[in-house]
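Asks: what's the 3D shape of this:
(one chain, ligands or ions: 2)
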Amino acid sequence: MKVLVIGGGAREHALCRSLSLDPDVTALHCAPGNAGIAEVAELHQVDALDGGAVAGLAVSLGADLVVVGPEAPLVAGVSDAVRERGIPVFGPSAEAARLEGSKAFAKDVMACANVPTARAYVCTTPAEIDAALDSFGAPYVVKDDGLAAGKGVVVTADLATAREHALACGRVVIEEFLDGPEVSLFAVTDGETVVPLQPAQDFKRALDGDEGPNTGGMGAYSPLPWAEPSLVDEVLRTVLQPTVDELRRRGTPFSGLLYAGLAITSRGVRVIEFNARFGDPETQVVLARLKTPLAGLLLAAATGRLAELPPLRWSDEAAVTVVVASHNYPGTPRTGDVIDGLADVAAAGPAYVLHAGTAFNEAGEVVSAGGRVLSVTATGSSLSEARERAYEGVSRVRLAGSHHRTDIAAKAATL
Ligand code: AMP
Ligand code: GLY
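Replies: Numbering: from 1, shown residues only. Ligands and ions are numbered 1, 2, ... in the order given. Sure, this is the predicted structure:
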């Protein structure tokens, strides 16, 4: 099977790594990719948001499957363009990707499907904003309706900050604050059958102890020793299947990866958000534990044959990933710094580096090229072993000005 992956972050590196280990994959291509993905896939330059260009590339490569990684191309309709050329694609249509692209749309789908989520108001005027903030009280949760690369959500106890963000958004969702630990649960679906993966936890804040600004995610681990064993079945029954059924009922079936961001509150599970693609950095740990070959799973979803697939097989091992970010991330990151020590991580094992924002400079050195630069992933017989291995790997990476959290999976590893 010839596979083309669209995107160039650590999620796509994790996808490419797993695909490269699948014996059914005979050729692996990625566009645009990054310096790490170049080691496992052939890279191509393409505007990932241009459906015609991506479809043209897929045709010219004779791809049997296209996997669209990030949300922006999905929302832009890249999957539709590829599907129109008759090539199976893992990733929802633009219509179905609105589940991530519009928070107001997601709220409407959840209301129709009876999916538990925070109560919310969709506001467009200052008067509506003030009424909504007043009705919920602090802490305030204010979400830009559209895609904002993880920066559209403000959670604050300060009314002035909440109001300022809401006014800056245009169309905004203001919602009830959800208390409790967060879980990311991914499901692969063909629009009808839903196959949940293993849950993971992400660390969204920039600094240890969940301090500092929100980020795209600073680390993750799986499994979750503190979660109820029934969690996955419950979320499948109350969240994932009803959402997929509702989108099919509307004539816009969702096929691809449905990501439920959940809060485990004292009153039960609530959806914080949906995403229409694999999460980053949770994908790094979920795929590290998946033993079922990935290409066959994604192709089954892309071709509507998930019901025929045997149950997924999982490793008993735990996995931890730690993100190394550039100087000043999540503010405007400094880029162009040389990254040393990557070969040391590879030589020392068992941890491995997944590249996010990396590129080659003119001298052929690997340099930072984004906010989240790379993530170091490791598995182990326990979370604490996986954690030690991942941090041992991080200690070998040398990048001027970089920072990472030191407490990824620390609490869970003691359970
Ligand atoms: P989102 O982009 O919707 O995932 O939001 C980013 C982060 O904001 C989430 O991971 C949560 O930590 C926080 N958040 C979002 N919605 C809520 C809510 N209703 N209550 C509490 N925290 C929230
Ligand atoms: N880890 C959060 C996200 O991928 O949106």
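
Asks: For the residue lying closest to Val3 once chain neighbours are set aside, which residues are in contact?
Replies: For Val3, ignoring the flanking residues on the chain, the nearest one in space by Cβ to Cβ, 6 or more residues apart in numbering is Leu65 at 4.9 Å. For the C-beta atoms, the positions are set from N, CA and C on the backbone; glycine is no exception. If you count contacts by Cβ atoms under 8 Å, 6 or more residues apart in numbering, Leu65 has them with 1-4, 87-90, 295, 298-299, 302.

Asks: let's see it at 6 Å
Replies: Neighbour list for Leu65: 3, 88, 299 [criterion: Cβ atoms under 6 Å, 6 or more residues apart in numbering].

Asks: Model confidence for it, exactly?
Replies: Reading off the confidence values, Leu65 has pLDDT 98.

Asks: One more: the one 10 residues further on?
Replies: Among the per-residue scores, Val75 shows a pLDDT of 94.

Asks: what's the closest non-adjacent residue to it?
Replies: Of all residues apart from its sequence neighbours, Gly101 sits closest to Val75 (Cβ to Cβ, 6+ apart), at 4.1 Å.

Asks: and whichever strand or helix holds Val5, C-alpha only, in CSV?
Replies: When elements are assigned from DSSP states H and E, Val5 belongs to strand 2-7. This file holds the C-alpha atoms of strand 2-7, laid out as CSV (Å, rounded to 0.1, in the frame of the first residue of the first chain):
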residue,chain,number,x,y,z
LYS,A,2,1.3,3.5,-0.9
VAL,A,3,0.4,6.0,1.7
LEU,A,4,0.6,9.8,1.6
VAL,A,5,0.5,11.7,4.9
ILE,A,6,-0.4,15.5,4.8
GLY,A,7,1.1,17.6,7.6
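
Asks: for the residue of the stretch 101-250 of the chain found nearest ligand 2, what are its contacts?
Replies: In the stretch 101-250 of the chain, the residue that lies nearest ligand 2 is Gly217 (3.6 Å; Cβ to the nearest ligand atom). The contact partners of Gly217, taken as Cβ under 6 Å, 6+ apart, are 202, 281.

Asks: try 7 Å this time
Replies: By Cβ atoms under 7 Å, 6 or more residues apart in numbering, the contact set of Gly217 is 202-204, 280-281, 323.

Asks: so Val366 makes contact with Phe360?
Replies: Yes: Val366 is in contact with Phe360 according to Cβ atoms under 7 Å; the separation is 6.3 Å.

Asks: Please say which of the two ends up with more neighbours.
Replies: With other Cβ atoms under 10 Å as the criterion, Val366 and Phe360 differ in neighbour count, and Val366 comes out ahead with 23 against 13.

Asks: Show me where the stretch 251-400 of the chain has its strands.
Replies: According to DSSP state E, counting those that start in this stretch, the stretch 251-400 of the chain carries its strands in the segments 256-265, 268-275, 318-325, 339-340, 352-355, 358-360, 366-368, 372-380, 398-399.

Asks: With respect to burial, which of these scores highest?
Replies: Mean neighbour count (mean count of other Cβ atoms under 10 Å) peaks for strand 318-325 among the strands of the stretch 251-400 of the chain, with a mean of 29.

Asks: Please save the CA atoms from that strand in PDB.
Replies: The C-alpha coordinates for strand 318-325 follow below in PDB (Å, rounded to 0.1, in the frame of the first residue of the first chain):
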ATOM      1  CA  ALA A 318       2.900   2.500  29.300                       C
ATOM      2  CA  ALA A 319       4.000   5.500  27.200                       C
ATOM      3  CA  VAL A 320       5.100   9.000  28.000                       C
ATOM      4  CA  THR A 321       6.000  11.900  25.700                       C
ATOM      5  CA  VAL A 322       7.600  15.200  26.700                       C
ATOM      6  CA  VAL A 323       7.500  18.200  24.400                       C
ATOM      7  CA  VAL A 324      10.600  20.400  24.000                       C
ATOM      8  CA  ALA A 325       9.600  23.900  23.000                       C
END
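
Asks: and the protein, which residues reach ligand 1?
Replies: 118, 141, 143, 153, 155, 175-178, 182, 204, 214, 261, 272-273 (Cβ under 6 Å from any ligand atom).

Asks: Tell me the buried residues in the longest helix seen in the chain?
Replies: With DSSP state H applied, the helix covering the greatest number of residues in the chain is identified as helix 383-396. Across helix 383-396, burial judged by 16 or more other Cβ atoms under 10 Å covers 383-394, 396.

Asks: Close to ligand 2: what parts of the chain are there?
Replies: Contact residues (Cβ under 6 Å from any ligand atom) of the chain with ligand 2: 150, 202, 217, 275, 279-280, 282.

Asks: for these, which one is nearest ligand 1?
Replies: Lowest distance from ligand 1 to the residues of the chain next to ligand 2 (Cβ to the nearest ligand atom) belongs to Gly150, with 6.0 Å.

Asks: so how far is Leu28 from Leu258?
Replies: Distance check for Leu258 against Leu28: by Cβ to Cβ, to the nearest Å, it reads 24 Å.

Asks: Between the two ends of stretch 202-213, what distance do you get?
Replies: Across its full length, stretch 202-213 reaches 14 Å end to end, with Cα to Cα, to the nearest Å as the criterion.

Asks: Stretch 196-212 now?
Replies: When the termini of stretch 196-212 are compared using Cα to Cα, they are 32 Å apart.

Asks: now swap in stretch 64-76 and tell me
Replies: Comparing the first residue of stretch 64-76 with its last one, the separation is 22 Å (Cα to Cα).

Asks: next one: stretch 12-31
Replies: Across stretch 12-31, the terminal residues are separated by 10 Å (Cα to Cα).

Asks: ditto for stretch 189-197
Replies: End-to-end span of stretch 189-197 (Cα to Cα): 11 Å.

Asks: Any buried residues in it, and which?
Replies: 189-191, 193-197.

Asks: Throw those into CSV and include secondary structure and pLDDT, thanks.
Replies: Below are the buried residues of stretch 189-197 laid out as CSV (DSSP: H, G, I helix; E, B strand; the rest coil; pLDDT from 0 to 100):
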residue, secondary structure, pLDDT
Thr189, strand, 98
Asp190, coil, 98
Gly191, coil, 98
Thr193, coil, 98
Val194, strand, 98
Val195, strand, 98
Pro196, strand, 98
Leu197, coil, 98
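
Asks: where does the chain have low pLDDT?
Replies: Counting by pLDDT under 70, the chain has low-confidence residues at 148-151.
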